[in-house]
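J.: please find the sequence and the predicted model below.
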Amino acid sequence: MRSKWTILLAAALIAVPSTSFGAEIFEKVGTIGGQFLKIGIGARPAAMGEAFVAVSEDPIAVYWNPAGLARLDGQSITLNHATWPAEIRISHAAYVFSPGRRLPGKIAFSARSMWMDVQPVRTPYRPQGTGQFWDAGEMAIGVSYARAFTDKFAAGITVNYFKSTLADVTAQTATVDFGTIYNTGVRGFKIGIAIQNIGSDMEYSGTINPEGRTQDFQGERVKLPILFRVGSALNLYEREAHSVITAFDFTHPPDNAERASWGLEYAFNDYFFLRGGYKFNYDTEGLTTGLGIKFPTSVSSQSRLDYAYSDMETLGGSHRFSLTFSF
């Protein structure tokens, strides 16, 4: 009998911390604004499970880790588009260039936006619409600077202007991203760290029109989703025309449990790419896959077209497309 009660007590002690931990996570959900800032950009990172903090030499690093821009050669332009559940769309563009000898390093200008189709205003008394329309969206415009301080260490910073709009109610603020990448020099093993969306709280304000009555709106202050990411990348295999790299990321969001991502990329002759990955501890996302192809556009320039698909279980899936020009 004593052993029976001992087992029950041990089970209760194990269950209490796990229950408390789950309750703590649930209490954080829905407490942070600016969720658009947490949505990853680019088909190549998405196909690799968004394990991209330590993967440099790609202009999409302007979002994931600005330090990666320091390793780029020449100039680059990247254009990205993604479909999201509920007929939401996300677009992004960035231009990376060298400012000149007086300022070593790389500078990038970027812009991203999320938008939806215009919707009719509906009320309980006029469910088919009042004749008025509304829409919602968010945008961020940024400038980045990155520099390689040694042949192994690079750092970068991005300053963004962020604006969120819901009908005639808006909020805006400034955010800062900072990141570093260290290349150990052993089998291309790199370690990346990035902190995103550092900034002051936002407050929504504007005019609302409930049931035809116009009134001013002043909301509560909303916190930004400050993200801490740490990751690594490694060359698993490299021989003649074939190469394989793998990456692993750990992310700490302010409004949910810690998350992890793993990704793999196979390259043939550096012009055809197959990618796959998995996102651990996400609510709806898991398996990711994609491919890419690189082709010359002139003697001194080349382009790369990438595609990614992310499974989102009951929400369907997300398709991402990227086109990158390097010259």
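T.: Alright, I've got the coordinates.
J.: which residues of the stretch 201-327 of the chain score low on pLDDT?
T.: By pLDDT under 70, the weakly predicted segments of the stretch 201-327 of the chain are 209-215, 217.
J.: who's in contact with stretch 228-248?
T.: 48, 51-55, 64-65, 187-196, 249-252, 260-270 (CB atoms under 8 Å, 6 or more residues apart in numbering). Heads up, the C-betas are built off the backbone N, CA and C, glycines and all.
J.: start and end of it, how far apart?
T.: 14 Å (CA to CA, to the nearest Å).
J.: tell me which residues of that stretch come out buried.
T.: For stretch 228-248, burial by neighbour count (16 or more other CB atoms under 10 Å) applies to 229, 230, 231, 232, 233, 234, 243, 245, 246, 247, 248.
J.: show me the contacts for the most centrally placed residue in the chain.
T.: Residue closest to the mean C-alpha point of the chain, counted by CA atoms, centre = their mean, is residue 40 at 2.2 Å. Applying CB under 8 Å, 6+ apart, we find residue 40 in contact with 46, 50, 52, 63, 64.
J.: beta partners of residue 267?
T.: residue 243, residue 273 (DSSP bridges).
J.: beta partners for residue 317?
T.: In beta-bridge terms (that is, DSSP bridges), residue 317 pairs with residue 311.
J.: touching, it and residue 290? I think so.
T.: No: if you go by CB atoms under 8 Å, residue 317 and residue 290 don't touch, sitting 11.8 Å apart.
J.: those two - which one has more neighbours?
T.: Neighbour totals were compared for residue 317 and residue 290, and residue 290 leads with 26 against 14 (other CB atoms under 10 Å).
J.: nearest spatial neighbour of the more buried one, skipping sequence neighbours?
T.: residue 47 (2.7 Å; CB to CB, 6 or more residues apart in numbering).
J.: which residues does that neighbour contact?
T.: Residue 47 touches 263, 265, 275-277, 288-292, 306-309, 320, counting by CB under 8 Å, 6+ apart.
J.: hmm, try it at 7 Å
T.: Going by CB atoms under 7 Å, 6 or more residues apart in numbering, residue 47 touches 275, 276, 277, 288, 289, 290, 308.
J.: how close does the residue nearest to the centre of the chain get to residue 200?
T.: Distance of residue 40 to residue 200, given as CB to CB, to the nearest Å: 24 Å.
J.: can you check residue 127 too?
T.: Where residue 200 is concerned, residue 127 sits at a distance of 39 Å (CB to CB).
J.: quick one on the thing from earlier: what touches both of residue 317 and residue 290?
T.: Joint contacts of residue 317 and residue 290 (CB under 7 Å, 6+ apart) are residue 309.
J.: one step back: give me the buried subset of the contacts of stretch 228-248.
T.: 48, 51-55, 64-65, 190, 192-196, 249-251, 260-267.
J.: just the ones of those in helices?
T.: With DSSP state H as the criterion, helices contain residue 64 from among the buried ones among the contacts of stretch 228-248.
J.: what's opposite residue 239 in the beta bridge?
T.: residue 242.
J.: can you check residue 162 too?
T.: residue 140, residue 173.
J.: quick check: it vs residue 196, distance?
T.: In terms of CB to CB, residue 162 sits 11 Å off from residue 196.
J.: got it, and residue 105?
T.: From residue 105 to residue 196 the distance is 20 Å (CB to CB).
J.: go on, residue 186?
T.: 28 Å.
J.: what do you get for residue 160?
T.: With CB to CB as the criterion, residue 160 and residue 196 are 9 Å apart.
J.: same check, this time on residue 129
T.: 39 Å.
J.: quickly find the element holding residue 304.
T.: Per DSSP states H and E, residue 304 falls inside strand 302-311.
J.: tell me which residues are up against that strand.
T.: 43-44, 46-47, 285-297, 317-326.
J.: now, those residues that are in helices?
T.: Reading helices off the contacts of strand 302-311 with DSSP H, I get 43, 44, 46, 47.
J.: the closest residue to the third one other than its chain neighbours: neighbouring residues, count only.
T.: I take that to be residue 46. Excluding the flanking residues, the one nearest residue 46 by CB to CB, 6+ apart is residue 308, at 3.9 Å. The local packing of residue 308 (other CB under 10 Å) involves 28 other residues.
J.: how about residue 200?
T.: Residue 200: 11 neighbours (other CB under 10 Å).
J.: who's in contact with it?
T.: Taking CB under 7 Å, 6+ apart as the test, what residue 200 contacts is residue 173.
J.: let me know the pLDDT of it.
T.: Looking at residue 200, its pLDDT is 89.
J.: how close does it get to residue 169?
T.: 18 Å.
J.: doesn't residue 62 lie inside a helix?
T.: Yes: using DSSP: H, G, I helix; E, B strand; the rest coil, the assignment for residue 62 is a helix.
J.: wait, it touches residue 109, no?
T.: No: at 8.8 Å, residue 62 does not count as touching residue 109 under the criterion of CB atoms under 7 Å.
J.: I'm done for today, thanks for sticking with me.
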